[in-house]
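Q: Give me the fold of what follows.
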Amino acid sequence: MPYPFPVLATSLQPGSVLRAGALALLALAPLTALTATGSAGSTGSSSQSVSAAVTAPPKALKTVQLVYPDSADLDWSSGEVKLAFVVDAHGQIGHLEVVQGAHPAYTDAALDALLATPYQPARHGDQAVAMRVTREYQFKLKHIGVAEALAIKSPLRSGQRMEVAPAVLHAVWPVYPAALLRAGVSGTAKLRARIDGEGTVASVALLTASQPDFGRAAVAMMQAWRFTALPAATAKAGTTATAATAASTAPPLREVEYEQHFSPAKPVETGVPASLPRLLERLAQGNAGVAGAGELDAPLSPLLRVPPATPPALRAERGTGRATVDFYVDEGGRVLLPELVSASREDVGWAALTAVTSWRFAPPRRAGLPVFARGRAEVAVGDAAP
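A: So this is what the prediction gives:
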């Protein structure tokens, strides 16, 4: 998509030299200036991409170290998160996009670090200008792969060897069904997904679920994941001279199994923000300390609006759908307790809930002080949805 401002688009890792092959396709102007900033530490590292026709690119005014998520119950490994965002003429971050996130806990940590980083805006001569930036965050802890950290495996077939699971390129949290979360209900859901040659989830089968809504939430989550594509030679194996042989030689659909755990006491497994107990306490007190739209100093301002994944059935129909979602936003801008108000069909509703779960807002304020707030969103779902 075009952007009405210059774009930073060249990757530079801390301590390395510029790689000519790292130029991205986001650049809207010739390369006339190049700088890079990065930080490294025991918990991770980040690098910022630069490529734009400006006199000075945006500059981070302080280093915010990456912090690994609480990993007491998981065998965390390495992963990469790539974020795109705009630094406006006032140095404010907005128009966030998660380009890649190997694990949603890593994505949350990268977003926390980015949103805590003050920026000096780019300059064109003496004028401050808005600029689009890409920034990569590297998480490295152990030698195992992200698929193992996520407990993903390929199912064993009769008479065949265990296949290697495709690597996860982008993963999101499931929505924790609000009624079950309020009631403190824990549970699990086990899935089997089929991945096509391009790394897109072609279908998801629910194998078991302790609660029906845990199953629906897990299926919608998996439909939003992206995996590594097949190697070019394998992917092209389906190209044949006749339609009759094309079906038999088409790239194989890979299968993976995954078990999702839901537990309010273990946010590392579910992505539930730590602010949930405080929100529930306020709701129990008659919404004390929770502001409606008309009570805020300014309307809720989205920083990151993750688009919903199109459910495979809707994608096959080339259809679209719409859903209305109510939610709360905590003092830091995280979404809590999203609930469906209406949806054109069930899978559209769950796709919308899954997307809104990952949204981020500018911290809401009332009389200048941080506050919980209520919000509502109209969400369009489908490849052709406006």
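Q: domain assignment for this structure?
A: With domains defined by automatic domain parsing, the chain comprises 20-139, 150-269, 273-381.
Q: what ranges of this protein fall below the confidence cut-off?
A: Flagging of the chain using pLDDT under 70 yields the residue ranges 1-53, 70-78, 141-165, 232-251, 267-268, 384-386.
Q: again, 50 this time
A: Low-confidence segments of the chain, defined by pLDDT under 50: 1-43, 50-51, 72-76, 143-145, 156-162, 235-241, 243, 246-247, 385-386.
Q: Tell me who's in contact with residue 272.
A: 176, 181, 264, 336 (Cβ atoms under 8 Å, 6 or more residues apart in numbering). Every residue, glycine included, has its C-beta placed from N, CA and C.
Q: farthest pair in those?
A: Taking Cβ to Cβ, the two most distant members of the contacts of residue 272 are 264 and 336; they sit 11.6 Å apart.
Q: what sits in contact with each of those two?
A: Here residue 264 and residue 336 share the contacting residues 272, 276, scored by Cβ under 8 Å, 6+ apart.
Q: which one of the contacts of residue 272 has the most neighbours?
A: Counting neighbours by other Cβ atoms under 10 Å, the top entry in the contacts of residue 272 is residue 176, with 26 neighbours.
Q: quick one: that residue from residue 112, how far?
A: Distance of residue 176 to residue 112, given as Cβ to Cβ, to the nearest Å: 19 Å.
Q: again, but for residue 189
A: Counting by Cβ to Cβ, the gap from residue 189 to residue 112 is 27 Å.
Q: Repeat that for residue 136.
A: Separation of residue 136 from residue 112 (Cβ to Cβ) stands at 16 Å.
Q: which one of the two has more residues nearby?
A: Set residue 136 next to residue 112 and count neighbours by other Cβ under 10 Å: residue 136 wins out with 21 against 17.
Q: Bridged to the more buried one, which residues?
A: Counting by DSSP bridges, residue 136 is bridged to residue 47, residue 82.
Q: Then residue 132?
A: Beta-bridge partners for residue 132, by DSSP bridges, are residue 7, residue 86.
Q: follow-up on the earlier one: tell me the one of the contacts of residue 272 nearest residue 285?
A: residue 336 (16.0 Å).
Q: Which secondary structure state does that closest one sit in?
A: Assigned by DSSP: H, G, I helix; E, B strand; the rest coil, the conformation of residue 336 is strand.
Q: Convert the C-alpha atoms of stretch 300-314 to PDB, please.
A: Presented in PDB, the C-alpha positions along stretch 300-314 are these (Å, rounded to 0.1, in the frame of the first residue of the first chain):
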ATOM      1  CA  LEU A 300      -9.700   6.000  21.800                       C
ATOM      2  CA  SER A 301      -6.800   6.200  19.300                       C
ATOM      3  CA  PRO A 302      -5.700   2.800  17.700                       C
ATOM      4  CA  LEU A 303      -2.000   2.400  17.300                       C
ATOM      5  CA  LEU A 304      -2.100  -1.200  16.000                       C
ATOM      6  CA  ARG A 305      -5.200  -2.600  14.300                       C
ATOM      7  CA  VAL A 306      -4.400  -6.200  13.300                       C
ATOM      8  CA  PRO A 307      -6.600  -7.100  10.300                       C
ATOM      9  CA  PRO A 308      -8.700 -10.300  10.800                       C
ATOM     10  CA  ALA A 309      -7.700 -13.500   9.000                       C
ATOM     11  CA  THR A 310     -10.200 -14.700   6.400                       C
ATOM     12  CA  PRO A 311     -11.600 -18.000   7.500                       C
ATOM     13  CA  PRO A 312     -10.800 -20.700   4.900                       C
ATOM     14  CA  ALA A 313     -14.500 -21.300   4.100                       C
ATOM     15  CA  LEU A 314     -15.100 -17.600   3.500                       C
END
